[in-house]
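Student: let's see this in three dimensions:
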Amino acid sequence: MDFGRLSNVDNVDFLLPADHAANEGVFAQLSAGTAQPQVLLGSPQWGHAGYVGKIYPERTPQGDYLHHYARQFPTVELNATYYGVRPDLIERWRDAVPDGFLFCPKLERTISHDRQLDGAEVETEAFIDGIERFGDRLGLAWMLLPESFGPERAEVLARFVRRWPRRIQLAVELRHPAWFTGGHILDAILRLFEETETTPVLTDVAGRRDVLHQRVTNRNAVLRLVGNGLHSTDFERVDAWAERLVSWIDGGLRRLYIFLHQPQEELNVELAERFAGEFRRRCGIEVQVPRRVERFEQGQLF
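Tutor: A predicted model of the protein is given here:
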């Protein structure tokens, strides 16, 4: 992910902002509940060759990447659907993963970027028809709005969210800096998200600390954590997020999607391991984490 990436992060203040003031009211409505909370760690894609020999077996052919990814991570961010939805591919992907695995498809660019939600009803319906072929392997759909999509288009976003079918969970990521200047428009949109059970995406990236609005709107949360090549602050940020997310679980959240990004995606394994250890230590939640491939040196078996 290039958004907000910096070449040097030594002087970045990665301190997490305090919770949004509205969270207290959301948690009061949710209450803790009895369902077992889920923490799902994932990557943007399964087709990264750097996983071969690390969490995929040596010499894994590209056609088998999804098979192995889905047995190491419980979810995937699925950026591929941004470029179009092919029902035959979706069915093939669905059949390649085990029970419990969840795809989180990104809305197609014709909807979010080309039309910017305006007059995109036909494209949206086609997208929904396509992703519903995932069946019970469908997690949530998520939409990245371009940096040019600012608060002046708030009503367009509101109409889109209101029309979105409730049977499919939706998450939305905002990037235009004007959303985060403390105005009332963002608060109004987030209240609408609360009413429609839409999830605001949280993106933790070095060069845009303003996007961390820390707002919870329902029992789901989506975090996109952008690391910096296992810089020491990557692990400090994981620890801080684990502490914050445990407090949100105590407040009533029941499903957390954490999508990990690194300049070299195979480094997501180290962040996943750190997250799993922190959740286990802080609240006893067992988080699925990739298992390293065992490597045998020549002569080791003799």
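
Student: now do the SS call for residue 175.
Tutor: Following DSSP: H, G, I helix; E, B strand; the rest coil, we place residue 175 in the coil state.

Student: so it sits right up against residue 145, yeah?
Tutor: Yes. With contact defined as C-beta atoms under 8 Å, residue 175 reaches residue 145; the gap is 6.5 Å. In this view, the C-beta of every residue, glycine as well, is placed from N, C-alpha and C.

Student: please enumerate residues in contact with stretch 266-283?
Tutor: 39, 41, 43, 48, 50-51, 54-55, 73, 225, 227, 229-230, 234-235, 238-239, 241-243, 245-246, 249, 258, 260-262, 285-290, 292 (C-beta atoms under 8 Å, 6 or more residues apart in numbering).

Student: ok, residue 57 - contacts?
Tutor: 68, 293.

Student: output the below-cut-off pLDDT ranges for this structure.
Tutor: 32-34, 295-302 (pLDDT under 70).

Student: and the strands in it?
Tutor: Counting by DSSP state E, the chain has these strands, from start to end: 38-43, 75-76, 102-103, 141-144, 170-173, 199-204, 220-226, 255-261.

Student: can you put those strands in CSV and add mean neighbour count and distance to residue 6?
Tutor: As requested, the strands of the chain are exported to CSV (neighbours: other C-beta atoms under 10 Å; distance: least, C-beta to C-beta, whole Å):
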stretch, mean neighbour count, distance to residue 6
strand 38-43, 24, 21
strand 75-76, 25, 26
strand 102-103, 22, 31
strand 141-144, 23, 20
strand 170-173, 22, 19
strand 199-204, 22, 13
strand 220-226, 22, 10
strand 255-261, 24, 14
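
Student: can you list those strands in TSV and add distance to residue 114?
Tutor: TSV is the format used below for these (distance: least, C-beta to C-beta, whole Å):
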stretch	distance to residue 114
strand 38-43	26
strand 75-76	24
strand 102-103	23
strand 141-144	13
strand 170-173	17
strand 199-204	20
strand 220-226	22
strand 255-261	24
